[in-house]
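Asks: Sequence first, then the predicted structure:
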Amino acid sequence: MGHRLALIAIGTTLAAVTSVAVGAPQIQREALREAARASTRTPANVARDRYRHPVDTLAFFNVAPDDTVVEIWPGGGWYTEILAPYLKDKGTLYEAAPNMGGLKAVRAMQQRDRATYGNIRLASFPAGDTLPKVPEGTADVVLTFRNAHNWQQAGPEVAQNAFDQMYAMLKPGGTLGIVDHRLPEAMPSAREGGSGYMKVSTITGYARKAGFKLADMSEVNANPADTHDYASGVWTLPPTYTLGDTDRDKYAAIGESDRMTIRFRKPK
């Protein structure tokens, strides 16, 4: 019911959404599977594939091996380990963060394995003076995973600026792919950001104001077992387990959070 309300709240239904693509062609999916099986991936990251569904997620975003892709705020580099080998031969990968501290994990990957990660380009986001920004109108795909709630927590103006800058990076017709912890529309908006969860309607509101068109949504990262109501927010669940050993088995059984997976398009 919560997911149905979400669609009502944003004033559309999936049947009315105009998709830029139904997903990646089979040969593209095979290349994504090969990248996900790369020996360069960290075993602990591979173990989380059952929660994060990287192949299906990147296929839904229709990431092609010759695309110019920007990953916003890569954190520990979980998706970087898949995107880098996938794009290494024909594509271009930017990793963008506020400063070099936000790219520490990516830099370590480059130092460890130049063959796989050496061609990654580093950029600032939001655009600043510490690193070059991604040139406007050059990206085919911009991706951000579980970051929008941080911008929301920092304030609506910060969140809107992030969406505006992502819009500027993209070529006309380009794709913005977002995955984030989903707060049901019926729950209080006051829980957004600080709990780690956000509403679909909030995400789409920022995107539309920036100029994006909603292209499609996927339930590939949904988790119906997530109750979204933990006092310590989404970090109660794995892999963080903020409460330590308290009810750990209970939260392990729930698994990682319920997540929205949304594809937006920059109009041509």
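Replies: Everything's here; your move.

Asks: By residue count, what's the longest strand in this structure?
Replies: strand 170-181 (DSSP state E).

Asks: same question for it, mean pLDDT?
Replies: Mean pLDDT, strand 170-181: 98.

Asks: M109 in helix, strand or coil?
Replies: Following DSSP: H, G, I helix; E, B strand; the rest coil, we place M109 in the helix state.

Asks: Just give the closest residue to it, not the sequence neighbours.
Replies: Leaving aside its sequence neighbours, M109 sits nearest to Y117 (CB to CB, 6 or more residues apart in numbering; 4.5 Å). To be clear about C-beta, it is placed using only N, CA and C from the backbone, and glycine gets the same treatment.

Asks: tell me the SS of G101?
Replies: helix.

Asks: Could you report the separation of it from G75?
Replies: 11 Å (CB to CB, to the nearest Å).

Asks: Can you pick out the residue with more neighbours from these two?
Replies: Of the pair G101 and G75, G75 is the one with more neighbours under other CB atoms under 10 Å, namely 17 against 9.

Asks: got the buried residues for the longest strand of the chain?
Replies: Residues of strand 170-181 classed as buried by neighbour count (16 or more other CB atoms under 10 Å): 170, 174-181.

Asks: who's in contact with the closest residue to L243 other than its chain neighbours?
Replies: Closest residue to L243 apart from its sequence neighbours, by CB to CB, 6+ apart: T236 at 5.9 Å. T236 is in contact with 230, 242-243, 251, counting by CB atoms under 8 Å, 6 or more residues apart in numbering.

Asks: how close does T236 sit to Y167?
Replies: Going from T236 to Y167 by CB to CB gives 33 Å.

Asks: all helices for the stretch 101-250 of the chain, in order.
Replies: 104-112, 114-117, 148-154, 156-169, 200-210, 248-254 (DSSP state H, counting those that start in this stretch).

Asks: Next, format these as CSV and append distance to A190 and mean neighbour count.
Replies: Shown next, in CSV, are those (distance: least, CB to CB, whole Å; neighbours: other CB atoms under 10 Å):
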stretch, distance to A190, mean neighbour count
helix 104-112, 32, 16
helix 114-117, 41, 15
helix 148-154, 12, 20
helix 156-169, 14, 19
helix 200-210, 12, 20
helix 248-254, 23, 13
